[in-house]
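>>> how does the following fold in three dimensions:
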Amino acid sequence: MPERQLRKEIWINTLRVCLPIALLSVLVCVFLAQLSAQQSRTQFKEKLALLSDSIQIRMVGLLHEPLSDVTFLRSMPALQAYVDSPTEKNNHALAMYLLGFSRSREVYDQVRYIDADGLEQIRIDLDAQGNARMIPKAELQNKRHRYYFTNTAQLSDGECYVSPLDLNVERGDIERPFKPMIRFGMPIRNQAGQLQGIILLNYLAGEVLSSFDQAVQKSSNDVFLLNHEGYYLYGGALNQRWGFMFPARSQYTLQKQDSALWTCITQNSEGKFLSAKGDFCVFSAVTPFQRLPQLATKWGKKVQGGRNDLVMYLLCRLSQKEMSEKIQKLQTTIYLVAVLINLALLVLIFLLVRHRLVRRLLSRQRREGEDSLRRQEAAIASDIQDVLLVDEIPETLVGLTMARVSSPARDVGGDFLAFWSQHGCLDVLIGDVMGKGVPGALLAAALKIRFTNARILESAAEGELPTIEAILHDSHKTITPILIGFERYATLNYFRIDPQTKRALWINCGHAELLHCRTGEETIRHIPGRNMPLGFTQESAFYRQEASVASGDVLVLYSDGITEATNSESEFYGQERLMDVIASHRSESAETILDEILRDVEDFIRPASRRDDLTCVVICVE
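Below is the predicted model:
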């Protein structure tokens, strides 16, 4: 092909491939650009879901301890002793116990026992340095009007009250610095069900907000934690938090700032919302208290944690400007990557097309030369196999007529066939090595040479016709180690016939059965072998079989390439069909019988092709 025509074909083929790819990439880019905004919002929502799960897991882990502590204190003997007998001694014993408890925990701002009238009987406070101290009786207060007392007092025996997150109040004033607090309380009732008092723990919830802060500090967006009324507990300006505790901050609630968003949040446990300002918001309910009943079941207690005032909301807000910038940046990246990919594909396809066309030209030339050389080599290999693996029938044989064929499934195969004529006897060696092609042919040639050498050595040692047992024994000693080393095996039949004495001897090592069509008998005898194939074992004892023959008898030796030939329906040709052909032509010549066998096999497998090597020897006794 001229160089100019080659360049033209290269560019035509390059554009033929590149143009559809470029068009497809444009469509994909448009689709991805339209999808990018939706994906950004979806990813933003998924991040919030992960953040919400992380926060709830942290909170549940922190709130597990006060729940177990208040349950434990409710059942301690010192408390029960004081309830049964409120003496000074029992009061002091209970106070000392609660003091030790507070010192060991260091997470409770107050540990209190309050009687049925709301009066603090025992109170342990934790100061700024983390030291627990007992409050004198003169400083104890009446809490009967505080919500946590009235709510706890209304519970049944064994139930636990959990308060919403708020700030601690002392003597009517919010304590400063702020102390975020969650209170855990359980009622103490006598056997008649009458209220005797409550045990109350003021848990320092600053750790809860700290865990929230650790979870959200990596977020680049505005993150808020709201209580059940929409007041800010976290996020936003400091002077807008805890609005429900300060009348001057009561306007700082999401319910008043964006009522549509707040309505959407309260009506759904999670979701997304596009505000009137164009801000994209995602939210999720944070309900760690709802998991506390599951944690409390091992104590056999109930936790009043499913109330609406315990629900908090996590809100993430992404402004319209930030969302637009994010989407524009993503779309720009998509377009840039698409341009770079198309340029890279153009260069790559050009090089590949050029390389492919040049290689195709060279390959065509090389293939034409190789095909010619392969045909020559196959012809030579087939000729060599005919010489090495398949012997010609001895011409000086008296009393016998024979025909043989050996046809490999490929150019060369693993079947082998040998004839020796000595002292008026005919020896026939027919065998099949596991495997086809050149490996099988090489092993078959090696086996045939070993048998030839063994026969020569035995003849020289005995000075007369060696026995077939001796030939098999000597061949076995050298052949079997080779087959075992290559993890292969060989089936064979060493057959000897004496036309003068009308006697046939053979040793069959796993090969196809000998077929004997006797004169005057309608049934053809099929005589199976009684020895293992060579290569299976080192054992060298061989069982010899024999039969008498008469004029007009026909003996057939063959490989499994005949009986195991398969047609297009995967059916085997089989031994029965073979015996029918032999019986139908038993009175004809060996050549005719062999031709009929081959014709019948070919008719049976047509239109399929042969998959195994085929070897057959027909011997007619005169």
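>>> surely Q56 and P288 touch.
Yes: between Q56 and P288 there is a contact under C-beta atoms under 8 Å: 5.1 Å. Any C-beta I mention is one placed from the backbone N, CA and C, and that applies to glycine too.
>>> which residue ranges of the protein form helices?
3-74, 77-84, 88-105, 147-153, 206-216, 254-257, 259-267, 292-296, 320-388, 437-462, 468-485, 560-563, 574-584, 590-605 (DSSP state H).
>>> export the ones you listed to TSV and append columns for distance to S540 and mean neighbour count.
Output for those, formatted as TSV (distance: least, C-beta to C-beta, whole Å; neighbours: other C-beta atoms under 10 Å):
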stretch	distance to S540	mean neighbour count
helix 3-74	67	15
helix 77-84	93	16
helix 88-105	88	16
helix 147-153	98	19
helix 206-216	81	17
helix 254-257	98	15
helix 259-267	92	16
helix 292-296	78	17
helix 320-388	26	13
helix 437-462	12	18
helix 468-485	5	18
helix 560-563	25	21
helix 574-584	30	16
helix 590-605	34	17
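>>> may I see the ones you listed arranged in TSV, with distance to L429 and mean pLDDT as well?
Listed next are the helices of the chain as TSV, based on distance: least, C-beta to C-beta, whole Å; pLDDT from 0 to 100:
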stretch	distance to L429	mean pLDDT
helix 3-74	59	76
helix 77-84	103	91
helix 88-105	97	94
helix 147-153	105	92
helix 206-216	86	76
helix 254-257	100	89
helix 259-267	94	90
helix 292-296	84	50
helix 320-388	13	72
helix 437-462	6	76
helix 468-485	9	87
helix 560-563	16	91
helix 574-584	21	94
helix 590-605	18	94
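>>> so can I have a markdown table of these showing distance to T615?
Shown next, in a markdown table, are the helices of the chain (distance: least, C-beta to C-beta, whole Å):
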| stretch | distance to T615 |
| --- | --- |
| helix 3-74 | 51 |
| helix 77-84 | 101 |
| helix 88-105 | 94 |
| helix 147-153 | 101 |
| helix 206-216 | 81 |
| helix 254-257 | 94 |
| helix 259-267 | 87 |
| helix 292-296 | 80 |
| helix 320-388 | 11 |
| helix 437-462 | 10 |
| helix 468-485 | 18 |
| helix 560-563 | 7 |
| helix 574-584 | 13 |
| helix 590-605 | 11 |
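>>> for F224, which of these is the nearest?
helix 254-257 (7.9 Å; C-beta to C-beta).
>>> before we move on, back to that, mind checking the helices of the chain for the one nearest to E139?
Of all these, helix 88-105 sits nearest to E139, with 13.6 Å by C-beta to C-beta.
>>> relative to helix 77-84, how tilted is the closest one?
150 degrees (axes from the mean of the first three to the mean of the last three C-alpha atoms, to 10 degrees).
>>> who touches helix 88-105?
Outside of helix 88-105, the residues within contact range by C-beta atoms under 8 Å, 6 or more residues apart in numbering are 65, 69, 73, 76, 78-79, 81-82, 108, 111, 113, 121-122, 124, 126, 131-134.
>>> restrict it to CA atoms and write it as PDB.
Listed next in PDB are the C-alpha coordinates belonging to helix 88-105 (Å, rounded to 0.1, in the frame of the first residue of the first chain):
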ATOM      1  CA  GLU A  88     -30.500  11.900 111.400                       C
ATOM      2  CA  LYS A  89     -28.300   8.900 111.500                       C
ATOM      3  CA  ASN A  90     -29.800   7.400 108.300                       C
ATOM      4  CA  ASN A  91     -29.800  10.900 106.700                       C
ATOM      5  CA  HIS A  92     -26.000  11.200 107.400                       C
ATOM      6  CA  ALA A  93     -25.300   7.700 106.200                       C
ATOM      7  CA  LEU A  94     -27.100   8.400 102.900                       C
ATOM      8  CA  ALA A  95     -25.400  11.800 102.500                       C
ATOM      9  CA  MET A  96     -22.000  10.300 102.900                       C
ATOM     10  CA  TYR A  97     -22.800   7.600 100.400                       C
ATOM     11  CA  LEU A  98     -24.000  10.200  97.800                       C
ATOM     12  CA  LEU A  99     -20.900  12.300  98.600                       C
ATOM     13  CA  GLY A 100     -18.600   9.400  97.800                       C
ATOM     14  CA  PHE A 101     -20.600   8.600  94.700                       C
ATOM     15  CA  SER A 102     -20.300  12.200  93.400                       C
ATOM     16  CA  ARG A 103     -16.600  12.300  94.000                       C
ATOM     17  CA  SER A 104     -16.100   9.100  92.100                       C
ATOM     18  CA  ARG A 105     -18.200  10.100  89.100                       C
END
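>>> what angle separates it from helix 3-74?
Using the same axes, to 10 degrees: helix 88-105 against helix 3-74 is 160 degrees.
>>> I'd like the distance from helix 88-105 to the chain centre, please.
The chain centre lies 59 Å from the centre of helix 88-105; the measure is C-alpha atoms, centre = their mean, to the nearest Å.
>>> ok, stretch 557-564 next?
45 Å.
>>> do the same with stretch 472-479
Averaged C-alpha coordinates place stretch 472-479 at 51 Å from its chain's average position (C-alpha atoms, centre = their mean).
>>> neighbouring contacts of it?
Contacts with stretch 472-479, where a contact means C-beta under 8 Å, 6+ apart, come from 446-447, 450-451, 454, 457-458, 490, 494, 507, 509, 534-535, 540, 542.
>>> tell me the one of these nearest V282?
Closest approach to V282 among the contacts of stretch 472-479 (C-beta to C-beta): G535, at 73.8 Å.
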